[in-house]
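Asker: fold the following.
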Amino acid sequence: MTIFSQPTSMRENLLPGSLVFSGERKMEKPRIRCFDYAKSELREMEVSTIDEVFPLARKPDSVTWVNIDGIHDVELFKAIQKRFEIHPLMLEDVLNPTTRPKFEAQENHALIILKSIRFDKDKRNILLEQLSFILGPNYVLSFQERPGNYFDSVRDRLRNSKGRIRNQGADYLCYALVDAVVDNYYKLPEALSETIEVIEAKVLTKAESEDLEAIYNLKREIVLLDRAIWPVLELVNGMRKGESELISESLGPFLQDLSDHAQQLISSTQAIREMAANLQDLYMSTVSNSMNQVMKVLAIVATIFIPLTFIAGIFGMNFEFMPELKARYGYFITLGIMVVTAAGMIYYFKRKKWL
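Answerer: Prediction:
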């Protein structure tokens, strides 16, 4: 989850569109990589300034993809704003890692913001980071908080000319990048399901207080997953509505497929949420059953000792004229009656399967 390095109140005193980074710095310096390609040619490079790739983005006969790892360098964003003439409000959203996933269209650019999701199996928590895309006439700018492997499949398709990506425009490249992020979401329900199974097996063996804490932590992570996945459907529907001329009609079937994936992920998340709720019920039932077993044993022990206590109480009275007190074997007979009574009650409880 994002940790603010700057209080929110400081942002409230800024003018709209002010380029100020309001997140946690996760890299020493930004890394800029570029793909410039057409149907029969591909150029891949890593550069130190945005000025080196800007001439490529101006070429009308190719598509340029600029990926920037690290979003803390405000001067870099000022250079991007100047070169690509992007509205500062768009870049302001990119610089704020807590921006809600969304699709926003303007005349010459479209902004897409998503959350990348990674599950830490050791700590059993979800790590969210922001991914942002700015779609231009023949270029795509992508922004990551730190280097990741989300786009490796897209890079492989570009290098090896797989599929239709080299034959399509910048809008298809943007779709392919978003689709790669959404495909990565599928790992999360599976990982959470495995975690639930591990906790369930432990609870069935012996429920402990730490298991309840793990269940509540799990439910909190599911809420985070919900917050990341639900807006994707709204985002994709916004792209399908044709609010931006940068997205062609031919992309419609692919966006429909992406919408279907989002729906499927939402259904998976709902199923995981129900599993977590059932796991909590199982924990409470297991604890209740354990308590019932303890109370059952205590009740049986108390029941056995009630007649024994009664007998002991009778012979513990200090009346002078009690004939049993003078009996030669009275003590042993009394103990025998107690033992027989206790044994009979135990036998009866076992016949009733109470023991």
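Asker: quick one: low-confidence residue ranges for the stretch 101-250 of the chain.
Answerer: Applying pLDDT under 70 to the stretch 101-250 of the chain flags the ranges 121, 124, 242-243.
Asker: what ranges do the strands span in it?
Answerer: 102-105, 110-120, 125-135, 139-144 (DSSP state E, counting those that start in this stretch).
Asker: can you redo the ones you listed as TSV with mean neighbour count and distance to residue 188?
Answerer: In short, each C-beta sits where N, CA and C put it, glycine included. As requested, those are exported to TSV (neighbours: other CB atoms under 10 Å; distance: least, CB to CB, whole Å):
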stretch	mean neighbour count	distance to residue 188
strand 102-105	19	21
strand 110-120	21	5
strand 125-135	21	7
strand 139-144	24	18
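Asker: looking at those, which is closest to residue 209?
Answerer: strand 125-135 (19.2 Å; CB to CB).
Asker: and residue 276, what is it in contact with?
Answerer: Residue 276 makes contacts with 196, 215, 218, 219, 222, as judged by CB atoms under 8 Å, 6 or more residues apart in numbering.
Asker: report the contact partners of the third one.
Answerer: Read that as residue 218. Residues in contact with residue 218, defined by CB under 8 Å, 6+ apart, are 124, 192, 195, 196, 199, 276, 279.
Asker: ok, the last one next?
Answerer: Contacts for residue 222 (CB under 8 Å, 6+ apart) come out as 192, 269, 272, 273, 276.
Asker: quick check, nearest of those to residue 164?
Answerer: Residue 164 has its nearest neighbour among these in residue 269, at 30.5 Å by CB to CB.
Asker: list the contacts of the closest one.
Answerer: By CB under 8 Å, 6+ apart, the residues touching residue 269 are 189, 222, 225, 226, 229.
Asker: if we can go back for a sec, including secondary structure, could the contacts of residue 222 go into CSV?
Answerer: Formatted as CSV, the contacts of residue 222 follow (DSSP: H, G, I helix; E, B strand; the rest coil):
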residue, secondary structure
192, helix
269, helix
272, helix
273, helix
276, helix
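Asker: so how far is residue 155 from residue 149?
Answerer: 10 Å (CB to CB, to the nearest Å).
Asker: can I get the contacts of residue 269 in a markdown table with distance to residue 209?
Answerer: As requested, the contacts of residue 269 are exported to a markdown table (distance: CB to CB, whole Å):
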| residue | distance to residue 209 |
| --- | --- |
| 189 | 27 |
| 222 | 21 |
| 225 | 25 |
| 226 | 26 |
| 229 | 31 |
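Asker: and the two most separated of the residues you listed?
Answerer: 189 and 226 (11.4 Å).
Asker: quick one, which of these two is more surrounded?
Answerer: residue 189 (22 against 15; other CB atoms under 10 Å).
Asker: residue 337 versus the more buried one, what's the distance?
Answerer: Taking CB to CB, one finds residue 189 at 66 Å from residue 337.
Asker: now the helices for this protein?
Answerer: Using DSSP state H, the helices of the chain run over 8-12, 54-57, 74-84, 88-95, 152-160, 170-185, 187-205, 209-240, 252-315, 330-351.
Asker: okay, those helices in TSV with distance to residue 101 next?
Answerer: TSV is the format used below for the helices of the chain (distance: least, CB to CB, whole Å):
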stretch	distance to residue 101
helix 8-12	19
helix 54-57	25
helix 74-84	20
helix 88-95	11
helix 152-160	19
helix 170-185	10
helix 187-205	15
helix 209-240	4
helix 252-315	11
helix 330-351	62
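Asker: residue 145: which of the ones you listed is closest?
Answerer: helix 88-95 (10.4 Å).
Asker: give the buried residues for that closest one.
Answerer: 88, 90, 91, 92, 93, 94, 95 (16 or more other CB atoms under 10 Å).
Asker: same question, stretch 21-41
Answerer: Buried, per 16+ other CB under 10 Å, within stretch 21-41: 21, 22, 23, 24, 30, 31, 32, 33, 34, 35, 36, 37.
Asker: ok, now stretch 54-65?
Answerer: Buried residues in stretch 54-65 (16+ other CB under 10 Å): 54, 56, 57, 62, 63, 64, 65.
Asker: so what would you say the end-to-end distance of it is?
Answerer: 11 Å (CA to CA, to the nearest Å).
Asker: between the contacts of residue 276, which is nearest residue 288?
Answerer: For these, the minimum distance to residue 288 (CB to CB) is 15.3 Å, reached by residue 215.
Asker: between residue 149 and residue 155, point out the one with more neighbours.
Answerer: residue 155 (16 against 9).
Asker: distance of that one relative to residue 65?
Answerer: For residue 155, the distance to residue 65 equals 9 Å [CB to CB].
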